[in-house]
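Trainee: would you be able to build a 3D model of this:
(one chain, ligands or ions: 1)
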Amino acid sequence: MSSSSSKGKTPAKSAKPAKVTVPMIRARKGKSKIAMLTAYDATIARLLDEGGADMLLVGDSLGMVVQGLATTLPVTLEDIIYHTRAVVRGTQRAQVVADMPFMSFQISSEEALKAAGRLVKESGAEAVKLEGGVAVCEHVARIVAAGIPVVGHVGLTPQSVHAMGGFRVQGKGEDAAAKVLQDAKVLQEAGAYCVVLEGVPADLGRRITETVDIPTIGIGAGPHCDGQVLVCYDFLGMFRDFTPKFVKRFAELGDEIVKATQSYVAEVQGGSFPDASQSFGMAKPKSLGEATGAQAVVDPEVPTYGPASDD
Ligand code: KIV
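Mentor: Next comes the predicted model:
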């Protein structure tokens with residue numbers, strides 16, 4: 001459209017990308033790999049969404065990487081609701097999945113359904129994720145029956161850190177592997193539309209991926225899964241307390257942030273920040289006409305704070 005023919009019309013908004021849906025995720029099985037990342041706030045969510053992530057998980061990992069805790073166990077439903085709201089606001093295309101925190105679903109199917117319902121109603125999540133297999137399949141069926149899509153999570157389940165004796169790879173022996181496979185199968189039967197496989201040998205990741213009909217999303221589960229998930233602060237190189245073997249840092253933003261902070265501190269201390277280009281001028285007094293003794297007034301229409309100009 002020429003500029004003359006569009007004169008006077010509202011400029012066309014760039015089209016909103018179509019949302020990733022549950023049927024789209026299911027249809028990716030064996031066709032194209034799914035890229036999931038965690039996110040905890042609107043700004044990072046917007047960037048990950050723009051970068052093409054298919055699914056954004058508001059993981060209870062926020063307890064460790066945002067709140068500075070040693071485990072995910074103290075994270076509350078309110079914490080997840082708060083962060084999911086922010087992620088939903090920052091996201092246009094990716095599907096937003098909210099994690100069900102420790103003790104929000106283990107007690108009974110009723111409690112599980114109530115908590116899942118709050119996540120969808122109060123935060124705008126499009127699906128929920130919960131840890132466990134056989135032990136939670138009834139809860140999963142109940143949530144799915146209410147129309148809430150569920151992502152399963154088997155293998156290394158961080159909410160069971162004390163029972164596992166630490167964050168340890170699961171399913172290494174044949175019996176243990178059969179148990180993880182069984183967990184994934186019952187989740188599929190209960191209606192989960194995909195399943196996270198965490199901390200299992202790559203061979204087991206492949207075996208489960210080949211056995212179940214729903215997509216598997218791996219984290220420390222090898223390259224054969226139908227998709228992968230990483231914690232955003234890990235893949236961006238911002239969480240540097242420790243780096244698990246399965247993490248690949250795709251950027252070193254931690255180093256960049258330290259460098260930028262050093263420059264900021266030096267400029268503040270040296271007096272070179274802010275300079276005139278980052279400072280505001282005074283408002284011009286209105287013309288007073290005849291000298292009447294009236295006081296100059298500041299134009300109330302002039303914004304006092306805004307983008308990079310005085311106007
Ligand atoms: O809480 C989380 O971020 C997770 C992913 C690591 C799968 O559960």
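
Trainee: helix or strand: which one has residue 36?
Mentor: Following DSSP states H and E, one finds residue 36 within strand 34-38.

Trainee: buried set for that strand?
Mentor: Within strand 34-38, the residues that qualify as buried are 34-38, counting by 16 or more other CB atoms under 10 Å. The way it works is simple: take the backbone N, C-alpha and C, and place the C-beta from them, glycine included.

Trainee: just those that are near the ligand?
Mentor: Within the set of the buried residues of strand 34-38, contact with the ligand (CB under 6 Å from any ligand atom) is found for residue 38.

Trainee: in TSV: the buried residues of strand 34-38, plus pLDDT and distance to residue 120.
Mentor: Formatted as TSV, the entries for the buried residues of strand 34-38 read as follows, by pLDDT from 0 to 100; distance: CB to CB, whole Å:
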residue	pLDDT	distance to residue 120
34	98	21
35	98	23
36	98	18
37	98	21
38	98	19
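
Trainee: next SSE downstream of the helix or strand that contains residue 80?
Mentor: Element membership for residue 80, per DSSP H and E: helix 77-90. Once helix 77-90 ends, the next helix or strand along the chain (criterion: DSSP H and E) is strand 95-99.

Trainee: outside of the helix or strand just after that next one itself, list whatever touches it.
Mentor: Later in the chain than strand 95-99, the nearest helix or strand by DSSP H and E is helix 109-123. By CB atoms under 8 Å, 6 or more residues apart in numbering, the list of residues contacting helix 109-123 from outside reads 58, 77, 80-82, 84-85, 88, 98, 100, 104-106, 125-126, 128, 130, 136, 138-139, 141-143, 146, 148, 150.

Trainee: can you map out the strands along the stretch 151-300 of the chain?
Mentor: 194-198, 216-219, 227-230 (DSSP state E, counting those that start in this stretch).

Trainee: ok, is the second one in contact with the ligand or not?
Mentor: Yes - contact between strand 216-219 and the ligand is present through residue 219 (criterion: CB under 6 Å from any ligand atom).

Trainee: pairing partners for that strand, with directions?
Mentor: Sheet neighbours of strand 216-219, with direction, are listed as strand 194-198 (parallel), strand 227-230 (parallel) (DSSP bridges).
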